[in-house]
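>>> have a look at this prediction, sequence included:
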Amino acid sequence: MERKRKKCVTGSAARTTSAKSSFKEHTPLDTPCCGHLEKIKTLKSEKRALQKTVDELTEKLRKAEDCLDAAAMSRNLRKALSSLGKGHATPHAMVDIGAGVMVENSTLSRLTVHHSQSPCRFARDLLRTVFTDEELRGKSLTGKRCNAHKKEPKDGLDPVRVRAVIGMAFVHLFITCVYRFLGLEHKSF
């Protein structure tokens, strides 16, 4: 067995050396002859010219793609503008919370869902939706003097809208209590 292995190893070594020597014989010389030098120079100049053409065409392609993108964007904008011109703004559905005070239905349902466990927070956020920041600034809820601030009382908010907010908070509290009593989950009105 050992002899077969040695023969195999020596035979493969002899084959590789002969293959290397035959490869060296067929490789081109390091210094090409005069006829090949001229051909090499012409091929290199052709390669440079072709590479320059490829770069120019690539740049033109990029610019054309940019133009196509701009055209598509302008087409989409025209469609959007035409659809805006045709359609009319639909007003949001308003809900009367009492005494003619109107609140958007989406705002009321959002407040109901977010504050299903806390009627106090519901009333505070509903008050902030009914009154603007300027109306709330520097005013009290009722306009009366209290024991904590015995100075001159601040102006009160509009009592009609305040009563509507308080009434809606009571309705929300009542519905929340009924749902809790029945063991149901309260989602919205």
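Okay, I see it.
>>> and after the helix or strand hosting Q51, which helix or strand comes next?
According to DSSP states H and E, Q51 maps onto helix 34-86. Scanning forward in sequence from helix 34-86 by DSSP H and E, the next helix or strand is strand 94-98.
>>> parallel or antiparallel, which strands does the very next helix or strand once past that following strand pair with?
Remark: after strand 94-98, the chain's next helix or strand is strand 101-104, criterion DSSP H and E. Applying DSSP bridges to the sheet, strand 101-104 is found paired with strand 94-98 (antiparallel).
>>> next one: the strand it pairs with to chain centre, how far?
Taking C-alpha atoms, centre = their mean, to the nearest Å, the mean C-alpha location of strand 94-98 is offset from the chain mean by 35 Å.
>>> could you list the buried residues of that strand?
Neighbour-count burial for strand 94-98 flags V95, I97 (criterion: 16 or more other C-beta atoms under 10 Å). From N, CA and C alone the C-beta is placed, and that goes for glycine too.
>>> list of residues touching that strand?
Outside of strand 94-98, the residues within contact range by C-beta atoms under 8 Å, 6 or more residues apart in numbering are M102, V103, E104, N105, L108, L126, V130, R163, A164, V165, G167, M168.
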